[in-house]
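**Q** Would you be able to build a 3D model of this:
(one chain, ligands or ions: 2)
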Amino acid sequence: MIVKPTLPPYWYPARSQAIYGYLLSSTDIYNSQSSLLIPAKSLRRHAVCGKIGAMGATPTVPIRTDAIGLMGGTFDPIHFGHLLVAEQARERYQLGEVIFVPNDIPPHKKDYEVSLAEHRYAMAVIATADNPYFRVSREEIDRSGPSYSIDTIRAFRQQMGPQVQLYFITGADAILEILTWRQPQDIVAECQLIAAHRPGFDLQRMTAVLGAELAKQVEMFTMPALDISSTVIRQRVRQGQSIRYLTVPNVVNYIHKAGLYQNHRSNRGKCEG
Ligand code: ATP
Ligand code: MG
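**A** Ligands and ions are numbered 1, 2, ... in the order given. So this is what the prediction gives:
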């Protein structure tokens, strides 16, 4: 007999991990001849090591449920570069969850018309749906006014309490934008900034722009470089080129279905999606 958890998977991955771990590890598992197949104590050992996955995923590292990653961006559209940064950061810092936070009004000037937040949100949900450790937040979309990272970090701090360690995940290029916008000292006081090297990024320039003190607060991590950007995807769609393998297949489908990026005027997409 295979014992299945009686509770439905809960959206909160870290907690569902705990629920699965608890339910499984508190019950011996028998086969149809009632012979003991897996004793509960063995399951408990695996659960503690994070080897019992939530919703079908098999984590490879232990998980710190009190460590949460925040990944801000315009995500117009979300692509494999974003997903890879988030997954590598999750694994490296043993994050219990990575929360993607699409912005509403990017405070830095964009030189193109940003797609409707609802499209960007929908694509982020589609792209992250198969990862139990990822979720997408409407925090910035539902907040009126420009999306400042410090406001977002404070909102999550308030929701999650002082015991949670927040990691703000970015590509190296975005660090400069974030720390030159607003209250950089408060940002580094509230969370740990982690920045993935991005192809073409000049590390020395970062120190020059931020100053040595602030630059020291940013933890850089290397990951396999993926030279993909939303800009390239938008350009390729506009030029009628393939965007397969640059992002998740259903995001490719969504882009075409909603008519995103086809020309300058259609950047905001059809509302009916
Ligand atoms: P755009 O070309 O419109 O600026 P983008 O691809 O840079 O889009 P953003 O939404 O601006 O995507 O970026 C969100 C975050 O993801 C930023 O921290 C950015 O540095 C990071 N990022 C985006 N693409 C990559 C990539 N290929 N490798 C590493 N980090 C990335
Ligand atoms: Mg960018």
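**Q** for ligand 1, what are the nearby residues on the stretch 151-273 of the chain?
**A** Taking C-beta under 6 Å from any ligand atom as the criterion, the neighbours of ligand 1 within the stretch 151-273 of the chain are 170-171, 173-174, 196, 198, 226, 228-231. Quick note: C-beta positions are derived from backbone N, CA and C, even for glycine.
**Q** Could you provide the residues you listed in CSV, with additional columns for secondary structure, distance to T207 and pLDDT?
**A** Output for these, formatted as CSV (DSSP: H, G, I helix; E, B strand; the rest coil; distance: C-beta to C-beta, whole Å; pLDDT from 0 to 100):
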residue, secondary structure, distance to T207, pLDDT
T170, strand, 16, 91
G171, strand, 17, 88
D173, helix, 14, 80
A174, helix, 16, 84
A196, strand, 17, 89
R198, coil, 16, 71
L226, coil, 24, 90
I228, coil, 26, 95
S229, coil, 24, 95
S230, helix, 27, 96
T231, helix, 26, 95
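**Q** S144: how many residues sit nearby?
**A** S144: 7 surrounding residues under other C-beta atoms under 10 Å.
**Q** ok, back up a step: what's the farthest-apart pair in the residues of the stretch 151-273 of the chain next to ligand 1?
**A** A196 and T231 (17.5 Å; C-beta to C-beta).
**Q** Those two: which is more packed in?
**A** A196 (26 against 11).
**Q** The residue lying closest to that one once chain neighbours are set aside: helix or strand, and which one exactly?
**A** Sequence neighbours aside, V85 is the residue nearest to A196 in space, at 4.6 Å (criterion: C-beta to C-beta, 6 or more residues apart in numbering). Using DSSP states H and E, V85 falls within helix 80-92.
**Q** For ligand 1, see how far away Y121 is.
**A** From Y121 across to ligand 1, the span is 13 Å (C-beta to the nearest ligand atom, to the nearest Å).
**Q** and what of V164?
**A** Applying C-beta to the nearest ligand atom, the value for V164 to ligand 1 is 21 Å.
**Q** Can you report phi and psi for that residue?
**A** phi -80, psi 130 (degrees, to the nearest 10).
**Q** Can you give me every residue that contacts it?
**A** Each residue near V164 by C-beta atoms under 8 Å, 6 or more residues apart in numbering is listed here: 66-68, 157.
**Q** Point me to the residue of the stretch 151-273 of the chain nearest ligand 1.
**A** G171 (2.1 Å; C-beta to the nearest ligand atom).
**Q** ok, that residue touching L84?
**A** No: in this structure, G171 is not within contact of L84 by C-beta atoms under 8 Å, at 10.3 Å.
**Q** and these two? which has more neighbours close in?
**A** More crowded of G171 and L84, by other C-beta under 10 Å: G171, with 19 against 16.
**Q** thought Q262 was touching R236?
**A** No: with contact defined as C-beta under 8 Å, Q262 does not count as touching R236 (11.2 Å).
**Q** Tell me where the model's unsure across the stretch 1-150 of the chain.
**A** The model of the stretch 1-150 of the chain has pLDDT under 70 over residues 1-60, 106-110.
**Q** Close to ligand 1: what parts of it are there?
**A** The stretch 1-150 of the chain has residues 73-76, 81-82, 85 near ligand 1, with proximity defined as C-beta under 6 Å from any ligand atom.
**Q** gap between stretch 62-70 and the chain center?
**A** 12 Å (C-alpha atoms, centre = their mean, to the nearest Å).
**Q** Pairing partners for the closest residue to M220 other than its chain neighbours in the sheet, please.
**A** Residue nearest to M220 in three dimensions, not counting chain neighbours: A195, with 5.4 Å by C-beta to C-beta, 6+ apart. Taking DSSP bridges as the rule, A195 bridges to T170, M220.
**Q** Counting neighbours, what do you get for L214?
**A** 19.
**Q** Pull out the buried positions in the host helix or strand of it.
**A** Following DSSP H and E, one finds L214 within helix 212-216. Residues 214-215 are the ones in helix 212-216 that count as buried (16 or more other C-beta atoms under 10 Å).
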